[in-house]
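Novice: show me the folded form of this:
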Amino acid sequence: MAHINVPEGVPGIRSLVMFRPETGKPLYELAQVLLRGESTLSPADRELIATYVSYRNNCTFCYSSHAAAARCLYEDDELIVDEVLKDMQEALISAKLKTLLHIAGKVQILGKEVTQPDIDAARNLGATDKEIHDTVLIAAAFSMFNRYVDGLASLTPTEPEAYAEMGVRMAKGYILPAQPVPQP
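Specialist: Residues are numbered from 1 along each chain as shown. Model (predicted):
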């Protein structure tokens with residue numbers, strides 16, 4: 001049960017956004033820009049970064065839902081998500097993505113953990129400044145989202161099917177559904 005009075009039966013961040021749409025709208029807009037906006041990183045790779053950070057933060061709702069979205073976006077390569085969560089260094093992903101995940105993991109601990117050699121390693125493997133920037137911002141934003149969801153004890157489904165459905169919806173984007181206009 002959530003720590004505050006949110007809509008019953010609505011999982012994760014959605015219930016918190018419904019509770020306070022004026023703060024939820026900019027959060028959804030940020031997720032849309034970071035995970036679906038123009039980028040040389042694929043939406044699947046950006047979802048994977050969000051999943052990786054959420055997994056490291058032990059936020060079951062966020063890592064399960066974003067893992068489901070990443071699986072949808074990777075399509076035939078959906079097992080990449082599980083490989084990364086099991087052992088990122090051994091996963092069958094590009095060396096560049098591994099360096100970006102390494103940076104994201106450091107941000108998840110503490111932003112100051114990221115060092116110039118981390119940045120140089122990513123650049124040496126072809127990462128652009130925008131990709132590095134967006135990786136850091138995804139990691140920072142998802143650390144906040146994880147704390148938001150867990151700090152208010154929002155509903156976290158235990159059935160994998162619930163996350164599969166969320167993943168399909170989330171793979172399409174993060175535009176906040178229209179809220180009904182209150183009648184006087």
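Novice: residue contacts, the residue most central in space within the chain?
Specialist: With distances taken as C-alpha atoms, centre = their mean, A50 lies nearest the centre of the chain, 2.8 Å away. Contacts here follow C-beta atoms under 8 Å, 6 or more residues apart in numbering; on that basis A50 touches L35, C62, H66, A70, I138, F142. C-betas here are computed from N, CA, C, even on glycine.
Novice: now those residues as JSON lines including neighbour count?
Specialist: Listed next are the contacts of A50 as JSON lines, based on neighbours: other C-beta atoms under 10 Å:
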{"residue": "L35", "neighbour count": "28"}
{"residue": "C62", "neighbour count": "26"}
{"residue": "H66", "neighbour count": "30"}
{"residue": "A70", "neighbour count": "29"}
{"residue": "I138", "neighbour count": "26"}
{"residue": "F142", "neighbour count": "28"}
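Novice: nearest to M1 among the residues you listed?
Specialist: For these, the minimum distance to M1 (C-beta to C-beta) is 18.8 Å, reached by C62.
Novice: other SSEs contacting the helix or strand hosting V84?
Specialist: Using DSSP states H and E, V84 sits within helix 79-87. Secondary-structure packing of helix 79-87 (3 or more C-beta pairs under 8 Å, 6 or more residues apart in numbering; DSSP states H and E): helix 43-56, helix 60-74.
Novice: would you mind giving the ones you listed as TSV with distance to M88 and mean pLDDT added?
Specialist: Shown next, in TSV, are these (distance: least, C-beta to C-beta, whole Å; pLDDT from 0 to 100):
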stretch	distance to M88	mean pLDDT
helix 43-56	7	98
helix 60-74	13	97
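Novice: with that, I have no additional questions.
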